[in-house]
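Novice: test case, fold it:
(2 chains)
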Amino acid sequence: MSAASQVPSGADLKTRFTPSLIIGLVIVGFWLLVALFGPALAPHLESDIVTDMSYAPAGEVGLLGSDYLGRDVFSRLLYGARMTMGLALLVTLLSFSLGVILGFIAAISGRWIDGLMSRINDALMAFPSIILALIVMSALGTSLMIMIATVAIIDSTRVFRLSRALAMDISVMDFVDVARSRGESLWWITVREILPNTLAPLAAEFGIRFTFAILFISALSFLGLGVQPPAADWGVMVKENLQGLLFGSAAALMPAASVASLTVGVNLIVDWFLSRLGGDVSQELMN
Amino acid sequence: MSAVIDIQDLWVEARSSGGSFQPIVEGVTVSVYPGEVVALIGESGSGKTTTALSAMAYSKPGCRIVGGSITLNGRDLLKLDQEERRQLRGREAAYVAQSAAAAFNPAIRVGDQVIESTAIHQLMPRDDALREAVKLYQRLDLPDPERLSSRYPHQVSGGQLQRLMAAMAMSSSPALLILDEPTTALDVTTQISVLSAFKDLIRGQNTAAIYVTHDLAVVAQIADRIVVMQNGKVMEAGATEQIISRPENAYTQTLMAAVRPPPKSISVEGEGSDQTDDETIVSVDSITAGYGRTETKIVLQDVSVAVPRGKVVGVIGESGCGKSTLARVIAGLLPQRSGEIYHHGQALPHVARRRTRSVLKNIQIVFQMPDVAINPRHRVREILGRPLDLFIGLSASARESRIDELLELVELPTSYKTRLPGELSGGEKQRINLARALAAEPEVILCDEVTSALDTVVGKAIIDLLKKLQANLGVAYLFISHDLSTVASFADHVVVLYAGRVVEQGPLASVLAPPFHPYTRLLLNSVPELRTDWLDGVVASKAHLDHLGQAVDSSKVGCPFFNRCAVAVNDVCNRRDVPLRQMAQGHTVACHLELDALRE
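Specialist: Have a look, this model is predicted:
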């Protein structure tokens, strides 16, 4: 194999740093720093009850006020960054590895293997994801590891469908036939011929799945199956402080805004990836 | 009499990848009078379609008209606003696109699509429009005009759809008709009827027409005047007769030189040499192959072909005749149902992956569409390096210099090594495809329609390159094409496929001379010739228009060509198995008719 020839030359970076990429990098970089150093910077522990006043307004107690139990929202936000981003990233990476590998296997083997895998996948998708997660976790217990595995598997059904469809599209192209006529192995065809052409749409999907993972985990946490109190997680913080909106408290809005900004940042980076890769093969054919 | 459309000093710009606007049409002047056909010819990228579309004041997304005047029926289109232009499109100027199959909505009956522009512009009630449509169908020689309107596009053949496109354009009796390569996607046998239908219609309605094409032989049949374009500029303009017989401009002369002489006029020196002397490299014996699990979709039936060392075997036939399938079977991409493939007398496994490395190395395939035949994510160095790694095995520096050599062999600069396919033109991509096949140093290359997706001039350059490589490297080709002229200019041995069966094969000289299989004769007579009266002559003789409306019949009983054959004998040809007649040495014709009848 000629791995060296894959390294892109400088001329390849046609679309260099665009303003939107820089914004995306700044946002994601900021939250990464918070995730790394947040707990060290936080004025209180995530579980500390600092005041007996629920939903204290911002500035009065801490930087961002207090939550429904009187904990410091700012501190919990800093603690939550690590939990939220770490979990979502882990879940998305797992679901992508699983979904892409299985999806490609299904697409390339075809025939009954594809049929079997696709029907099982359909069966899994037929359940509402939250119900499915509830069933699995009530059977296996509520540890963080089990939750990560469950959410990753459920999420991977979507990835499976996408990657199977993409691989199907690419595998009928002539260049794949050329590789077959050269006697290339399935591994080579998958990794060297098909995968590079599916990266762009998969990257776009990654950005979306990452966001959904945050939301899904927060929903599970709200039901008591995910992140266990008093651990801070942005999703949990939104859910537990929803009531506060009625009293004009921003305790629920701050973590929501954090999720939103992270989502925007991740997707700005993904968009840049897309434009750099120049879309997928089908777009090139249309030109 | 004033011109219907008068384009003066037209300038059009297109946004380049960098974002700035570059001129793609520079100062083009064209005018067309009623009943006149003006052809715009040139390679892809010459601006001919852009110019034609501007006659409707339309520019493609990313393009803009920046200068000149476009006068249609006395009104300057560039002074009209969007709504006024919309009013005029489809009513005063109509457009016929290259691919009718892509232009028709598969879910709507053809009648409703044909009369669509009359409905949009509220020109006449639906019933009247449908009655007018039937008249158009008759004028276009479409079969069963009364019931045609109620059919769906998939129930109509490709040639008929193309004529329906013309009916669609003519339904509102426009003053100007724009035809964009309307016969390029059609088989030669279908092209004739479509061309003559267009010609009659334009003359009959006294319409002005702009005909965009790259095919000079087609232009000679239909156009009154020709405008030759290159890189957005007019190279030469004049009467058809003058352009094709006395081209003045150097570029026009290049174009004329790229036109292959019709196969009938090719004289092959020496009676087809006896090819049994040559060692056979690859042969297929009684191959039957198809798609799907059942017997329903048999594409190739009982096909036997042999490729001798260093020779060119041409495989010719219409689309759907199974010629590409043949290449895929030999390459081990589609396992055959029965029959064997031999390489130096040794039967090969059906699937490429089970074949030995030396077999894989010696049989290489080059596909039709350069755009999809190379992985857009691989650099040229990797594309060419992979077969070297697999089949040759070189040190890093030898590999690098071999890649340089390969690029030089296909006449590309060595600096292309670091390029991605997206940074190459269609012709360059096809050269890379060829270089990839050559990298394995094969004994035979299966060329599947390698010039079909390319412009005439670029295609000719590829053929010349193939010839040179054959002479220098001694490589053999199985050259698959639908274009008889290309095959005739190149092949030593010709195989004529029809509906998945070999109807005639033999040395080039024997196939191009009588006795013919009736289908070979039809093919030969259908290749447009570069003289203005060719089409009229063919149509006047009417000989081979009669049965062409019939769809290709791939039933297994009798002769597959029976329903389209002008000389078929009922109850014989459609019932009995076709005998294989030995003509001269190595020349066989599959036909019931006696030798004398085939000679006429």
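
Novice: for the rest of this, base every contact and every neighbour count on C-alpha atoms.
Specialist: OK.

Novice: which stretches of the chain have low pLDDT?
Specialist: Going with chain A. Residues of chain A that meet the criterion pLDDT under 70 lie in A:1-16, A:276-287.

Novice: you looked at the wrong chain, it should be chain B
Specialist: Residues of chain B meeting the criterion pLDDT under 70: B:1, B:17-19, B:264-277, B:293-296, B:540-556, B:600.

Novice: mind listing what the residue sitting furthest away from the middle of it touches?
Specialist: Here chain B reaches farthest from its C-alpha mean at B:S395, the gap being 42.3 Å by C-alpha atoms, centre = their mean. If you count contacts by C-alpha atoms under 8 Å, 6 or more residues apart in numbering or on different chains, B:S395 has none.

Novice: disregarding residues adjacent in the polypeptide, which is nearest to the closest residue to chain A within the stretch 501-600 of chain B?
Specialist: Residue nearest to chain A within the stretch 501-600 of chain B (C-alpha to the nearest C-alpha): B:R501, separated by 24.3 Å. Leaving aside its chain neighbours, B:R501 sits nearest to B:Q301 (5.4 Å; criterion: C-alpha to C-alpha, 6 or more residues apart in numbering or on different chains).

Novice: who touches the one helix or strand the one you found maps to?
Specialist: Using DSSP states H and E, the element containing B:Q301 is strand B:298-308. Residues outside strand B:298-308 that contact it (C-alpha under 8 Å, 6+ apart): B:275, B:278-291, B:313, B:321-322, B:325-326, B:339, B:476-478, B:495, B:499-502.

Novice: please flag which of those sit within helices.
Specialist: The helices, defined by DSSP state H, take in B:T325, B:L326 from the contacts of strand B:298-308.

Novice: what does chain B put close to chain A?
Specialist: With C-alpha under 8 Å from any C-alpha of the partner chain as the criterion, chain B meets chain A at residues B:331-333, B:352-355, B:357, B:360-361, B:364-367, B:371-379, B:381-382, B:386-387, B:389, B:422.

Novice: ok, now with 6 Å
Specialist: With C-alpha under 6 Å from any C-alpha of the partner chain as the criterion, chain B comes near chain A at residues B:A331, B:A352, B:R353, B:L360, B:V372, B:A373, B:I374, B:N375.

Novice: format these as JSON lines; extra columns: secondary structure and neighbour count.
Specialist: Formatted as JSON lines, the residues of chain B next to chain A follow (DSSP: H, G, I helix; E, B strand; the rest coil; neighbours: other C-alpha atoms under 10 Å in any protein chain shown):
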{"residue": "B:A331", "secondary structure": "coil", "neighbour count": "27"}
{"residue": "B:A352", "secondary structure": "helix", "neighbour count": "24"}
{"residue": "B:R353", "secondary structure": "helix", "neighbour count": "18"}
{"residue": "B:L360", "secondary structure": "helix", "neighbour count": "22"}
{"residue": "B:V372", "secondary structure": "helix", "neighbour count": "21"}
{"residue": "B:A373", "secondary structure": "helix", "neighbour count": "21"}
{"residue": "B:I374", "secondary structure": "coil", "neighbour count": "28"}
{"residue": "B:N375", "secondary structure": "coil", "neighbour count": "26"}
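
Novice: out of these, which is nearest to B:D128?
Specialist: B:V372 (46.3 Å; C-alpha to C-alpha).

Novice: circling back: mind checking which of the contacts of strand B:298-308 land in strands?
Specialist: Per DSSP state E, strands hold the following members of the contacts of strand B:298-308: B:280-290, B:313, B:339, B:476-478, B:495, B:501-502.

Novice: number of residues surrounding the closest residue to B:P23 other than its chain neighbours?
Specialist: The shortest distance from B:P23 to any non-neighbouring residue, by C-alpha to C-alpha, 6+ apart, is to B:E13 (4.1 Å). B:E13 has 20 neighbouring residues, counting by other C-alpha atoms under 10 Å in any protein chain shown.

Novice: which residues touch the helix or strand where B:E13 lies?
Specialist: Using DSSP H and E, B:E13 sits within strand B:5-15. Strand B:5-15 has contacts (C-alpha atoms under 6 Å, 6 or more residues apart in numbering or on different chains) with B:21-32, B:62-72.

Novice: quick check on those residues: which are buried?
Specialist: Neighbour counting with 16 or more other C-alpha atoms under 10 Å in any protein chain shown marks B:23-32, B:63-65, B:67-72 as buried within those.

Novice: could you check how far the residue in the stretch 101-250 of chain B that chain A sits nearest to is from A:L144?
Specialist: Residue of the stretch 101-250 of chain B nearest chain A, by C-alpha to the nearest C-alpha: B:A102 (13.1 Å). The gap separating B:A102 from A:L144 is 53 Å, by C-alpha to C-alpha, to the nearest Å.

Novice: more crowded one of the two?
Specialist: Neighbour totals were compared for B:A102 and A:L144, and A:L144 leads with 14 against 9 (other C-alpha under 10 Å).

Novice: and that one, its phi and psi?
Specialist: Backbone torsions for A:L144, taken as degrees, to the nearest 10, come to phi -60, psi -40.

Novice: off-centre distance for the helix or strand containing A:P201?
Specialist: For A:P201, the element it lies in under DSSP H and E is helix A:195-222. Averaging C-alpha positions (C-alpha atoms, centre = their mean, to the nearest Å) puts helix A:195-222 4 Å from its chain's average.

Novice: next: stretch A:166-185.
Specialist: Chain-centre distance of stretch A:166-185: 30 Å, with C-alpha atoms, centre = their mean.

Novice: list the buried residues of that stretch.
Specialist: Those would be A:166-168, A:170-171, A:173-184, for stretch A:166-185 by 16+ other C-alpha under 10 Å.

Novice: do me a favour and get the end-to-end distance for it?
Specialist: Stretch A:166-185 end-to-end distance (C-alpha to C-alpha) = 19 Å.

Novice: what of stretch B:175-195?
Specialist: Stretch B:175-195 end-to-end distance (C-alpha to C-alpha) = 19 Å.
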